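K.L.:
Make a model of this:
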Amino acid sequence: MSRTLIILNPAARSERAQRFRSRVESLAQNCVVCATTHIGEAESMARRGVHEGFEKIVAAGGDGTINEVVNGLAGSRATLGLLPIGTMNVFATELGLPVHDLEGCWNIVQGQHTRTVDLPKANQKFFVQLAGVGLDAQVVKETSSQLKRNFGPLSYLVSAAQIAARQPPRLFIQSEDALIDEGSFVLVGNGRLYGGPFPFFKHAALDDGLFDVVVFKRLGYLEIIKYLQDVVFSSEIRVPEVEYFQTRQLRVESDQTVPVELDGELVGNCPVEFSLQQRFLRVLTP
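P.N.:
Numbers count the residues shown, from 1 in each chain. Predicted coordinates for the structure are as follows:
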């Protein structure tokens with residue numbers, strides 16, 4: 001296991017993550033462990049790990065940590081491992097990892113079973129699970145670290161309630177597979193899950209070479225939140241206010257300042273161009 005690098009986010013935003021830190025360090029005694037101190041450092045650590053020849057690079061944190069690590073190792077021969085200890089662990093859940101069993105996840109890291117998945121990109125930045133343009137990115141933007149420490153995943157619901165009365169932006173959709181060209185909120189999925197163990201993108205697969213896109217049409221935020229619930233708890237998306245399609249390329253623009261999030265982390269504003277590299281990332285899986 002000497003060729004395994006563990007990139008640990010000790011500030012992963014939950015008390016649960018803090019409790020797991022000593023366990024991660026105990027499990028990884030025979031590996032190189034590097035702890036991050038600021039946002040963006042996990043990416044540079046992963047890039048340096050690739051340069052130094054590590055065969056496995058393990059993200060010990062939540063989806064944001066995974067995102068940074070993936071951007072550091074993308075295109076290399078290194079394999080991604082996951083130790084899910086963050087506030088949100090959607091990608092690990094998507095892959096079928098036992099997210100509440102750290103020792104079980106470590107056993108997977110020590111093994112050799114891998115899955116090769118698609119790696120999507122928004123402008124120049126990769127992501128693994130999900131991108132959002134509009135509402136959820138605005139929620140991420142306005143959810144403070146203190147709120148996340150106090151409420152965990154529920155903190156995002158608190159922020160959503162605070163912005164629900166505002167007027168959503170106009171988003172312009174460009175894709176040869178879309179039946180509409182305008183909406184208020186756009187979600188782009190690589191896998192099925194969104195916001196936890198919810199099968200939001202009904203036909204998505206991590207290795208099918210396609211994005212799954214959900215566009216909420218010209219709706220207010222309160223209406224969008226209502227339809228979000230409908231989409232989560234329905235087996236198919238049939239409501240006319242929501243457009244669902246699969247595509248290989250997508251562009252979203254706006255004449256307003258609209259934030260974009262990737263895997264739960266803010267990356268900037270519109271316009272954003274989505275592309276995808278098929279079966280480009282190797283991940284250690286059960």
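K.L.:
contacts, neighbours, all on C-alpha from now
P.N.:
Fine.
K.L.:
dump the residue contacts of Asp255.
P.N.:
170-171 (Cα atoms under 8 Å, 6 or more residues apart in numbering).
K.L.:
would you say it is within a strand?
P.N.:
No. The assignment for Asp255, made by DSSP: H, G, I helix; E, B strand; the rest coil, is coil rather than a strand.
K.L.:
how close does it get to Phe172?
P.N.:
Taking Cα to Cα, to the nearest Å as the measure, Asp255 falls 9 Å from Phe172.
K.L.:
Please apply the same query to Arg248.
P.N.:
17 Å.
K.L.:
And for Pro240?
P.N.:
According to Cα to Cα, Pro240 stands 18 Å off from Phe172.
K.L.:
quick one: which of those two has more around it?
P.N.:
Phe172 (18 against 9; other Cα atoms under 10 Å).
K.L.:
In three-state terms, how would the more buried one be classified?
P.N.:
strand.
K.L.:
Find the nearest non-adjacent residue to it, please.
P.N.:
Leaving out its chain neighbours, the residue that sits closest to Phe172 by Cα to Cα, 6 or more residues apart in numbering is Glu182, at 4.5 Å.
K.L.:
what number of residues lie near the one you found?
P.N.:
20.
K.L.:
Over to Lys125: give its phi and psi.
P.N.:
phi -120, psi 130 (degrees, to the nearest 10).
K.L.:
so how far is Pro120 from the closest residue in space to it that isn't next to it in sequence?
P.N.:
Computed as Cα to Cα, 6+ apart, the closest residue to Lys125 that is not its neighbour in sequence is Asn71, at 6.9 Å. Distance, Asn71 to Pro120, by Cα to Cα: 11 Å.
K.L.:
Can you point out the buried residues in stretch 269-280?
P.N.:
269-272, 274-280 (16 or more other Cα atoms under 10 Å).
K.L.:
my guess is Gln162 is in a helix, correct?
P.N.:
Yes. Judged by three-state DSSP, Gln162 forms part of a helix.
K.L.:
Run through the stretch 151-286 of the chain and note the low-pLDDT ranges.
P.N.:
151-156, 158 (pLDDT under 70).
K.L.:
Which helix or strand contains the residue located most distally from the centre of the chain?
P.N.:
Distance from the C-alpha centroid of the chain, by Cα atoms, centre = their mean, peaks at Asn30 (29.1 Å). Applying DSSP states H and E as the criterion places Asn30 outside every helix and strand.
K.L.:
tell me which element Val213 is part of?
P.N.:
strand 211-216.
K.L.:
per-domain residue ranges of this protein.
P.N.:
Using automatic domain parsing, the domain ranges for the chain come out as 4-112, 130-278.
K.L.:
I'd like these laid out as a markdown table, including distance to Thr285.
P.N.:
Compiled in a markdown table, the domains of the chain are given as follows (distance: least, Cα to Cα, whole Å):
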| stretch | distance to Thr285 |
| --- | --- |
| domain 4-112 | 6 |
| domain 130-278 | 13 |
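K.L.:
What are the boundaries of the helices in the stretch 1-150 of the chain?
P.N.:
Under the criterion DSSP state H, counting those that start in this stretch, the stretch 1-150 of the chain carries helices at the ranges 15-27, 41-51, 63-73, 90-94, 102-110, 135-142, 145-151.
K.L.:
if we can go back for a sec, ok, how many other residues are close to the residue nearest to Lys125?
P.N.:
The burial count for Asn71: 22, using other Cα under 10 Å.
K.L.:
Is it in contact with Ala42, as I believe?
P.N.:
No. If you go by Cα atoms under 8 Å, Asn71 and Ala42 don't touch, sitting 9.1 Å apart.
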